[in-house]
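S.K.: following is a predicted model, sequence given first.
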Amino acid sequence: MKKQDKIYDAAVLECRPENSDSEAFLLRLDLGRNDFLADAGQFIALSPGSATSVMPRPFTIVEASGSELSILFRVAGKNTEAYSRLEEGDRIQVFGPQGMGISFDPKIQKCIFIGGGIGGAALVAPVQKAKSEGREVMVYLGAKKKSQLAGMSFFAKLGVDVKTITETDSEKIGFVTDLLEETLRNDGGASQVIACGPKFMLRRVSEICKKYGNACLVIVEEMMACGMGACKGCAIFGGEDGKEVKHVCSDGPTFDAYWIDWEKFAPLPGLIRVTEKEAPAEVDFTCHLGPLTLKYPFLNASGTLDLTALEDGSVDTKGIGAIVVKGLSLYERRGNAAPRVCETPSGMLNSIGLEYIGIDRFLKEALPRLLEFGIPIIVNINGESQAEYQELAVRLAGTGIAALEVNISCPNVKKGGIAFGTDPLMAGEVTAGVKRVADVPVIVKLSPNVSDIRVIARAVEDAGADIISLINTLIGLVIDIKTCRPKLANIFGGLSGPAIRPVAMRMVRQVFETVSVPTIGMGGNENGYTAAEFMMAGATATALGTSGFADRRIFKKAIGQLGEVAINNGFSATRQLVGCMIKE
């Protein structure tokens, strides 16, 4: 028999910072029905706030009465940013309550609650329940800074005295686990500890409680896909052998700390994070890309930056290591019929068809002006035959360019590229032919539209490629349901943007483990942080493409972000990030 409907079309009553100096947002909702019954420790899920997200976002219930519900959250991504902009009267779907309520040890009357950052929000309802059961309550909250403490206004309403500690700006400096250990030293195991916060904090809490013989419950967070027990995505392992499996959304979110296998749930970082004092004073961004040495490990993806934009100031080139020109052919191309582009969830589908000036006009009109920028110029070449690729390489010899990028991977040109890029024999022959006549390093750009990209990578390496770039766009289709026609005149197009990044990252890693030549990683690269991912996967340099359309200062910003990642990992040079992904 179907139980009570757990889907609510809620109206926003208010959305504001919890306090004037707080980074935590309070969201109050009117569920429209009075049948919402939740136990302390349960959570709700909100429908995604971002149009590109497919997973609901879970939040612990802070307060629920009648048809009203309150949660606290911190802006940490696109969805929470969207929630923070909700206004009175806006509507949002609420799913819940989900999860199991918290149960305290009936033999222990003293409870110590430990919250880290936004984790303090998850303790409000359990603290209220403990007080209602007549238990003695202590609450300790910690965060990097005071503004990140959450739940303070609710604890004040409950009449609970909260001890706080921060890493930077409070009367007591340190970690909330320091307060816990100070207390447990003289506790004799008499108290039960209930904690919520970052995984590593919870692991430390568990270790401290085990050391002093205290019972310990942890309220955990894990990535959820459905949030209702259907997909089994939020698995957590534990038990004596670490092989028992439970699920945060249905069995949790509260677990006995001693049941959890912490090595699986919160493995310690493989790289040592450094403090500000230990961080290198400067970061070296020099990129040694095989025979090429670039000032920065950033390029633009071919087809996303042109001479006009460079000259008229439409793009800020600070932070770019090399400029990659649009696909160059022997002859001028008009490109495919319009429409040529359409937006997709987290991406863009394009079928430009390599519209560009031919080699004659490029050498006469474009290249001299490109060289004036003083930035290495890489020319992307494409042809309909092996002979055309070779002729382009001959014509470009001695012109002052830094390298050739051999495009054997364009997905929306009917002749040439796509065939060469999907056949290892042909890919190798084109590479060898260009290598024989080129006087600069040869980069070969690979297609993701193959069954095993490693086979193609080996073929072009064996044929003499100095560098491999990957990936080009994935073949896609979008249909207009009003007209029953494809949204692109060419029917199919190349999909770019953040949606393809996991595919690109996987292929970059596979190629890194297969060949010895350096790689340039691209495909859904958005900023310096995602560039760091590509480099950790094995890319020596990375390219930014579609993302530069919306952010014209992307290279300058990306350099700062990449340097930040290097420093946080204790590196003095960004090249130390290359291939540092830990697989264990």
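M.R.: On my side now, so go ahead.

S.K.: ok now the longest strand along the chain, how far from the chain's centre?
M.R.: Counting by DSSP state E, the longest strand found in the chain is strand 7-17. For strand 7-17, the separation from the chain centroid amounts to 28 Å (computed by CA atoms, centre = their mean, to the nearest Å).

S.K.: direction included, what does that strand pair up with?
M.R.: Next to strand 7-17 in the sheet, as set by DSSP bridges, lie strand 24-30 (antiparallel), strand 91-98 (antiparallel).

S.K.: grab the nearest non-local neighbour of E365.
M.R.: In this structure, E365 finds its nearest non-sequential neighbour in I357, 7.1 Å apart by CB to CB, 6 or more residues apart in numbering. For glycine as for every other residue, the C-beta is placed from the backbone atoms N, C-alpha and C.

S.K.: could you check how many residues crowd around the one you found?
M.R.: Number of residues near I357 (other CB atoms under 10 Å) recorded here: 18.

S.K.: show me what contacts it?
M.R.: 328, 332, 365-366 (CB atoms under 8 Å, 6 or more residues apart in numbering).

S.K.: the same query, at a cut-off of 10 Å, please.
M.R.: Going by CB atoms under 10 Å, 6 or more residues apart in numbering, I357 touches 307, 326, 328-329, 331-333, 363-366.

S.K.: now do G528
M.R.: 297-298, 319, 542, 544, 554-566, 574.

S.K.: name only those of those residues that count as buried.
M.R.: 297-298, 319, 542, 544, 554-556, 558-559, 561-563, 565-566, 574 (16 or more other CB atoms under 10 Å).

S.K.: between these, which sits nearest L27?
M.R.: Q561 (29.4 Å; CB to CB).

S.K.: run a quick check on that closest one versus T530, I expect a contact.
M.R.: Yes - here Q561 reaches T530: they are 9.0 Å apart, a contact under CB atoms under 10 Å.

S.K.: hang on, the earlier thing: looking at the buried ones among the contacts of G528, which are in helices?
M.R.: 554-556, 558-559, 561-563, 565-566 (DSSP state H).

S.K.: of all the residues you listed, which two lie farthest apart?
M.R.: Once CB to CB is applied, those give I554 and A566 as the farthest pair, at 18.3 Å.

S.K.: the stretch 51-200 of the chain: strands as residue ranges?
M.R.: Using DSSP state E, counting those that start in this stretch, the strands of the stretch 51-200 of the chain run over 57-60, 63-65, 68-74, 91-98, 110-116, 136-143, 162-166, 191-196.

S.K.: hmm, who's touching the shortest one?
M.R.: Outside strand 63-65, the residues within contact range by CB under 10 Å, 6+ apart are 26, 28-29, 31, 34, 36-40, 42, 44, 69-72, 96-97, 124-125, 128, 154, 157.

S.K.: go again using 7 Å as the cut-off
M.R.: 36, 38, 70, 124, 154 (CB atoms under 7 Å, 6 or more residues apart in numbering).

S.K.: identify each buried residue in that strand, please.
M.R.: Applying 16+ other CB under 10 Å to strand 63-65 flags 63-64 as buried.

S.K.: and stretch 320-338, by the same measure?
M.R.: Using 16+ other CB under 10 Å as the test for burial, stretch 320-338 gives 320-330, 333, 335-336.

S.K.: check stretch 296-309 too.
M.R.: 296-307.

S.K.: quick one: least confident of those?
M.R.: When these are sorted by pLDDT, the bottom entry is D306 at 86.

S.K.: surely it and G327 touch.
M.R.: No - between D306 and G327 there is no contact under CB atoms under 7 Å: 11.2 Å.

S.K.: how about stretch 357-374 as PDB, C-alpha atoms only?
M.R.: Provided in PDB are the C-alpha atoms of stretch 357-374 (Å, rounded to 0.1, in the frame of the first residue of the first chain):
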ATOM      1  CA  ILE A 357      40.700  31.500 -45.000                       C
ATOM      2  CA  GLY A 358      43.000  29.200 -47.000                       C
ATOM      3  CA  ILE A 359      46.800  28.900 -46.700                       C
ATOM      4  CA  ASP A 360      47.600  31.700 -49.200                       C
ATOM      5  CA  ARG A 361      45.600  34.400 -47.400                       C
ATOM      6  CA  PHE A 362      46.800  33.000 -44.000                       C
ATOM      7  CA  LEU A 363      50.400  33.400 -44.900                       C
ATOM      8  CA  LYS A 364      49.900  36.800 -46.400                       C
ATOM      9  CA  GLU A 365      47.300  38.400 -44.200                       C
ATOM     10  CA  ALA A 366      47.000  36.600 -40.900                       C
ATOM     11  CA  LEU A 367      50.300  35.100 -39.800                       C
ATOM     12  CA  PRO A 368      52.400  38.300 -39.800                       C
ATOM     13  CA  ARG A 369      49.900  39.900 -37.500                       C
ATOM     14  CA  LEU A 370      49.600  36.900 -35.200                       C
ATOM     15  CA  LEU A 371      53.400  36.800 -34.800                       C
ATOM     16  CA  GLU A 372      53.300  40.400 -33.600                       C
ATOM     17  CA  PHE A 373      51.700  39.200 -30.300                       C
ATOM     18  CA  GLY A 374      55.000  37.700 -29.200                       C
END
